[in-house]
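Colleague: Just to be clear, the model below is a prediction. Sequence and coordinates:
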Amino acid sequence: MCRTLSAFPSTCLERAKEFKTRLGIFLHKSELGTESGSVSKFEKGNKHSKEKLVPEDVLGWKESFNQLLSSKNGVAAFRAFLKTEFSEENLEFWLACEEFKKIQSAAKLASRAQRIFDEFICSDAPKEVNIDHETRELTRKNLQEATTTCFDEAQGKTHTLMEKDSYPRFLKSAAYRDLVEQACSASPSQPIRHVGECSHT
C-alpha cells in the first residue's frame, strides 16, 4: 500500500492543497470530494458530458510528456501545478501555439502572431518564456510573413524545457501522488499497489 498523505511533510501537503484548488478553477465545473480537498471527479465544461478521472488516465501521464499534453485533464493538472510554482508561462505559450496553428485566415494569423510574440517572446514580455536570443530573433523575423509554423522553433524549445524540468517535478509532487491515490481508490478493481501505481486484479 502507498503511504497516506499524513506521511508527507506539511509543506508538501500545503502545496498539494493549493494545487487542487487551482485545478478546480481550471476545470471550471470540477467536483471536489470531501472537505479535505480530495479530487474525486472531473466534469467537463459541457453540461451534457462528464469525465471521471480514471486510473488509466492519471497513470498514463507518467508514460510520456506528450501523453500528458494529449489529455485535457492532464494539461489542467499540469497547469495547476505550474501555477503553484509561478512557472506556467511555458505551458501557456505552448498551448497558445497549438491554437495558433488552427487559424486559417492570413489576416488573423498575422494579428494573433503579433499578440503571442508580445505576450511571450519579446524582451520584458508579461509572460516571457525562457528561450535563447537566437530563437527569439528567428521568431521575430518569422513574424514578417506569419505562417502557422512561425513559432515552431520557440515552441519546441519550451516543450523540451518543460519535459526535462517541470514535468519530472510534477510526477514527483505530492499533488500528483494524491491524484493517483484518489483515482485508484475510486476504482475498486484497481486498488493502489504503491505510490504512483495501481495494482490490476
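Modeller: Alright, I've got the coordinates. The structure presented is a predicted model; accordingly, all values stated were derived computationally and were not measured. Residues are numbered from 1 along each chain as shown.

Colleague: Show me what counts as buried in stretch 59-69.
Modeller: By 16 or more other C-beta atoms under 10 Å, the buried positions in stretch 59-69 come out as 59, 61-62, 65, 68-69. C-beta: built from backbone N, CA, C; applies to glycine.

Colleague: closest to residue 140 among those?
Modeller: Nearest to residue 140 among these, counting by C-beta to C-beta, is residue 69 at 26.1 Å.

Colleague: quick one: the closest one from residue 60, how far?
Modeller: Per C-beta to C-beta, to the nearest Å, residue 69 is found 11 Å from residue 60.

Colleague: ditto for residue 173
Modeller: Distance from residue 173 to residue 60, by C-beta to C-beta: 17 Å.

Colleague: Low-confidence ranges, this structure, go.
Modeller: 1-52, 186-201 (pLDDT under 70).

Colleague: before we move on, back to that, distance to residue 116 added to the buried residues of stretch 59-69, as TSV?
Modeller: Shown next, in TSV, are the buried residues of stretch 59-69 (distance: C-beta to C-beta, whole Å):
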residue	distance to residue 116
59	33
61	26
62	30
65	22
68	22
69	18
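
Colleague: other SSEs contacting the helix or strand harbouring residue 92?
Modeller: Per DSSP states H and E: residue 92 is located in helix 89-100. Contacts defined by 3 or more C-beta pairs under 8 Å, 6 or more residues apart in numbering; DSSP states H and E place helix 89-100 against helix 72-84, helix 106-116, helix 152-161.

Colleague: Return the most buried member of those.
Modeller: Compared across the helices and strands packed on helix 89-100, helix 72-84 shows the largest average neighbour count, a mean of 21 (mean count of other C-beta atoms under 10 Å).

Colleague: what angle do it and helix 89-100 make?
Modeller: 140 degrees (axes from the mean of the first three to the mean of the last three C-alpha atoms, to 10 degrees).

Colleague: would you list the buried residues of stretch 59-69 in a markdown table and tack on distance to residue 106 and secondary structure?
Modeller: Formatted as a markdown table, these follow (distance: C-beta to C-beta, whole Å; DSSP: H, G, I helix; E, B strand; the rest coil):
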| residue | distance to residue 106 | secondary structure |
| --- | --- | --- |
| 59 | 43 | helix |
| 61 | 37 | coil |
| 62 | 40 | coil |
| 65 | 32 | helix |
| 68 | 33 | helix |
| 69 | 28 | helix |
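
Colleague: Nearest to residue 97 among the residues you listed?
Modeller: Nearest to residue 97 among the buried residues of stretch 59-69, counting by C-beta to C-beta, is residue 69 at 11.8 Å.
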